[in-house]
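Enquirer: what shape does this take:
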Amino acid sequence: MSARSLVWLLAALTTCLVLCTAVLLAGDWRARASGPGAAGPALERHGLVVRLPPGTEVLAPGERLLYRGDDGRVAASVAGAALLVPGACPDVPGSSRGFVGVVRGDHEELVRAWSRGLAAAVGSTPTQSDVEAPVGRRTDLEVAVGVDAPCQPPRVRASLLTRSGVTVVLVRDVGVAGAIDDATAELVLASTQFR
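Expert: Residues are numbered from 1 along each chain as shown. I've put the predicted structure just below:
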């Protein structure tokens, strides 16, 4: 084998090695970006797909979760949501450590509605913060739970991420065993894609 042939052979092998490495890295990146694990279900509503953590229970499209305001009327609701850690409190039927839903509407109106609903549900007013989002607009609400009831967390956080008039609402318990952590919540929000 001549020196020239050896150079071409090494160049071809190097090119193959670089391409194989790129394919493996791209696959790993896509797996990480797809959401919190391949085993979790997906929530598909209003043309939006959200990857969910394993163990999440997706409710039927007509099943509605809601918060009532101080006046007793529905302040905020979502149909066909997904329960995070369903059955978290065995002594409380229908309990979970939060939920993810998709709704349509104006971002500011939804923030006000969910803020009213959370305040009435837990007995204190949420703090509101705008969060930098790579796509769309995001507002987080956090509230200390002032209700003395079984299995209550110390705090509840709601994240509303709006893209093109469609909003992902992630409401979750914070500071209690079994609740999803901040990193998982961020992965859920980052996994949001339009079909």
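Enquirer: residue 186 and residue 57, how far apart?
Expert: 21 Å (Cβ to Cβ, to the nearest Å). C-beta coordinates here come from the backbone N, C-alpha and C atoms, glycine included.
Enquirer: how about the helices of this protein, start to end?
Expert: Assigned by DSSP state H, the chain shows helices spanning 3-33, 107-122, 182-190.
Enquirer: export stretch 122-136 to PDB, keeping only CA atoms.
Expert: C-alpha atoms of stretch 122-136 as PDB (Å, rounded to 0.1, in the frame of the first residue of the first chain):
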ATOM      1  CA  VAL A 122     -54.800  28.100  49.500                       C
ATOM      2  CA  GLY A 123     -55.700  31.200  51.500                       C
ATOM      3  CA  SER A 124     -53.000  33.700  50.400                       C
ATOM      4  CA  THR A 125     -52.100  35.800  47.400                       C
ATOM      5  CA  PRO A 126     -49.500  34.500  45.000                       C
ATOM      6  CA  THR A 127     -46.400  36.400  44.000                       C
ATOM      7  CA  GLN A 128     -46.000  36.800  40.300                       C
ATOM      8  CA  SER A 129     -42.800  36.800  38.300                       C
ATOM      9  CA  ASP A 130     -42.100  36.900  34.600                       C
ATOM     10  CA  VAL A 131     -39.600  34.300  33.500                       C
ATOM     11  CA  GLU A 132     -37.400  34.400  30.500                       C
ATOM     12  CA  ALA A 133     -38.700  31.800  28.000                       C
ATOM     13  CA  PRO A 134     -36.900  30.800  24.800                       C
ATOM     14  CA  VAL A 135     -40.200  30.700  22.900                       C
ATOM     15  CA  GLY A 136     -43.400  32.500  24.000                       C
END
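Enquirer: what average pLDDT does it get?
Expert: Stretch 122-136 carries an average pLDDT of 92.
Enquirer: just the buried positions in that stretch, please.
Expert: By 16 or more other Cβ atoms under 10 Å, the buried positions in stretch 122-136 come out as 122, 126, 128, 133, 136.
Enquirer: worst mean pLDDT among the helices of the chain?
Expert: helix 3-33 (a mean of 56).
Enquirer: got the CA coordinates for stretch 176-192 in CSV?
Expert: Presented in CSV, the C-alpha positions along stretch 176-192 are these (Å, rounded to 0.1, in the frame of the first residue of the first chain):
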residue,chain,number,x,y,z
VAL,A,176,-43.0,18.2,50.0
ALA,A,177,-41.8,14.6,49.5
GLY,A,178,-43.0,13.1,46.2
ALA,A,179,-43.5,16.3,44.3
ILE,A,180,-41.7,16.8,41.0
ASP,A,181,-38.6,18.9,41.4
ASP,A,182,-37.6,22.1,39.6
ALA,A,183,-35.5,20.4,37.0
THR,A,184,-38.3,18.1,36.0
ALA,A,185,-40.8,21.0,35.8
GLU,A,186,-38.4,22.9,33.6
LEU,A,187,-38.1,19.8,31.3
VAL,A,188,-41.8,19.5,31.0
LEU,A,189,-42.1,23.2,30.0
ALA,A,190,-39.2,22.9,27.6
SER,A,191,-40.7,19.8,25.9
THR,A,192,-43.7,21.8,24.7
